[in-house]
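[1] please find the sequence and the predicted model below.
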Amino acid sequence: MMPNRRRENAIIGLGVIALAQVRSRKRKNFWIKNCLLNHDEECPMPLLPELQENNPDDFRNYLHMTDACFHQLFALLSPYIKKRDTCMRTAIPAEQRLIATLRYLATGRSLQDLKSTTGISPQALGLIIPETCSAIIQVLQKDYIPFPSNPQQWQDVAAQFQHQWDFPNCGGAIAGKHIRIVPPPNSGSDYLNYKGFCSIVMLAVVSATYEFLFLDVGKNGCNSDGGAIMQTEFYKRLQNGSLNLPPAEENVEGLNFVFVADEAFALGENILKPFPMRNLTPEQRIYNYRLSRARRVVENAFGIFSSRFRLFLTPINLAVYKLNHVVLCCCILHNFLLRNSSSYLASVSTDEDPAVSGPAEEAASRPSVGVMTGLEPGHAELPSQDAHDIQQKYLEYFVGKGAVPWQEIVADYLI
């Protein structure tokens, strides 16, 4: 009898403790705050229509996007982000979902901070923003990240480089940047880069008109430029010949079709890099200048990108899989705005002829180190003799048939 009574007393005691713990829990006074429940009436978003109508400059500053571009984007996305009302509450309108997402991308403000200006809870914003970014990718990626798939499309890209930057047979400029992140729990030093902060790597191929042609996002920040590109699908296809690049006999002067890069990448039969900056001959200085002039489009593209989407100026506190979608979404929006907003490049210098502006202005238009940190130069493998021969052929072309009148003056001024 005694063991049974002790067992009963123990059970009763555990029940009393459990009941006390339940009663001690703080009860929620309400399911949702009134200011969030009535967000249509009590948040600043209803002021946006007035800004659109009477103060277009203020509206553009709010979203970093013109009214026309916003309505064009909303018309495309509305069917994909609209939600149904339920018996519990009305759905957040599709327009407010898009505005909240664009405001987050444009400012990088915390979700808690955005609550005050959108009237949407941080918990809801944490779902709305990735969902809207995924919808933008789904709707726009095919048309606005136009990675070439056949020789003619590559030749179209090369024609832009020839016209804009006097560089023949060029399929794009390659570079990578570190995107600051708040590291995932228990990640150790996996995301710690050579600058001492945690990041993921964004590697891009950019056209002559600053559009992103190819993107790879998500590699750990400890990778160098060369190490990052070797892990991408682009590099694998470049190596196995499945990019469908134009054959040399169809190119200017029978030269290889190439991509321009900086010192961090390995010289290859389809990747050109500058000569080392020591004991340069006059011809090598001209080659370096001409290559740098074409390659700077990728640095300018990153500068425009980070200026428009200021989210990338602060550490981003999102799960890595969500962050990959956010980065890709911003790149798609970058290309969308390039094509549809005449004011998007208003502050960017695109001098084509330094003979008109002078070498000092040409030097001033060269990209400086931006707020997005570049990748660390890696220890690349020794290039083949064929790669050296192709580099030499381009040098001979730039000082011969492909020379431009101002190149000697500018090359001497810059180097």
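    Structure's in. What do you need?
[2] would you confirm that residue 292 contacts residue 274?
    Yes - with contact defined as Cβ atoms under 8 Å, residue 292 reaches residue 274; the gap is 6.7 Å. C-beta coordinates here come from the backbone N, C-alpha and C atoms, glycine included.
[3] more neighbours, those two?
    Shown here are residue 292 and residue 274; by other Cβ atoms under 10 Å, residue 274 has more neighbours (21 against 18).
[4] where's the more buried one, which helix or strand?
    Using DSSP states H and E, residue 274 sits within no helix or strand.
[5] so it is in contact with residue 260, correct?
    No - the criterion here is Cβ under 8 Å, and residue 274 misses it with residue 260 at 9.1 Å.
[6] which ones are touching residue 78?
    Applying Cβ atoms under 8 Å, 6 or more residues apart in numbering to residue 78 gives the contacts 94-95.
[7] make it 10 Å
    Applying Cβ atoms under 10 Å, 6 or more residues apart in numbering, we find residue 78 in contact with 93-95, 97-98, 135.
[8] ramachandran angles for residue 124?
    phi -70, psi -40 (degrees, to the nearest 10).
[9] er, residue 199 actually
    Dihedral pair for residue 199: phi -160, psi 170, per degrees, to the nearest 10.
[10] again, but for residue 272
    When read as degrees, to the nearest 10, the backbone of residue 272 gives phi -100, psi 140.
[11] can you tell me the closest non-neighbouring residue to it?
    Closest residue to residue 272 apart from its sequence neighbours, by Cβ to Cβ, 6 or more residues apart in numbering: residue 258 at 4.9 Å.
[12] between residue 274 and residue 260, what contacts are shared?
    With contacts taken as Cβ under 10 Å, 6+ apart, the residues that reach both residue 274 and residue 260 are 290-292, 295.
[13] redo those as JSON lines? Include secondary structure.
    Formatted as JSON lines, these follow (DSSP: H, G, I helix; E, B strand; the rest coil):
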{"residue": "290", "secondary structure": "helix"}
{"residue": "291", "secondary structure": "helix"}
{"residue": "292", "secondary structure": "helix"}
{"residue": "295", "secondary structure": "helix"}
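[14] now flag whichever of these is closest to residue 198.
    Set against residue 198, the nearest of the shared contacts of residue 274 and residue 260 by Cβ to Cβ is residue 295 (27.7 Å).
[15] wait, the closest one sits on residue 258?
    No - contact criterion Cβ atoms under 10 Å: residue 295 and residue 258 do not qualify, at 11.2 Å.
[16] identify the contacts common to these two.
    Common neighbours of residue 295 and residue 258 are listed as 167, 170, 172, 272 (criterion: Cβ under 10 Å, 6+ apart).
[17] which of the residues you listed lies closest to residue 214?
    Of all these, residue 214 sits closest to residue 172, with 7.4 Å by Cβ to Cβ.
[18] ok, then the element right after the helix or strand that contains that closest one?
    For residue 172, the host element (DSSP H and E) is strand 170-180. Sequence-wise, the next helix or strand downstream of strand 170-180 (DSSP H and E) is strand 199-206.
[19] can you pull the contacts of the closest residue to residue 77 other than its chain neighbours?
    Ranked by Cβ to Cβ, 6+ apart and with sequence neighbours excluded, the top spatial neighbour of residue 77 is residue 135, at 5.5 Å. Applying Cβ under 10 Å, 6+ apart, we find residue 135 in contact with 76-81, 94, 97-98, 101, 329.
[20] now do residue 141
    By Cβ under 10 Å, 6+ apart, the contact list for residue 141 reads 215, 328-329, 331-332, 335.
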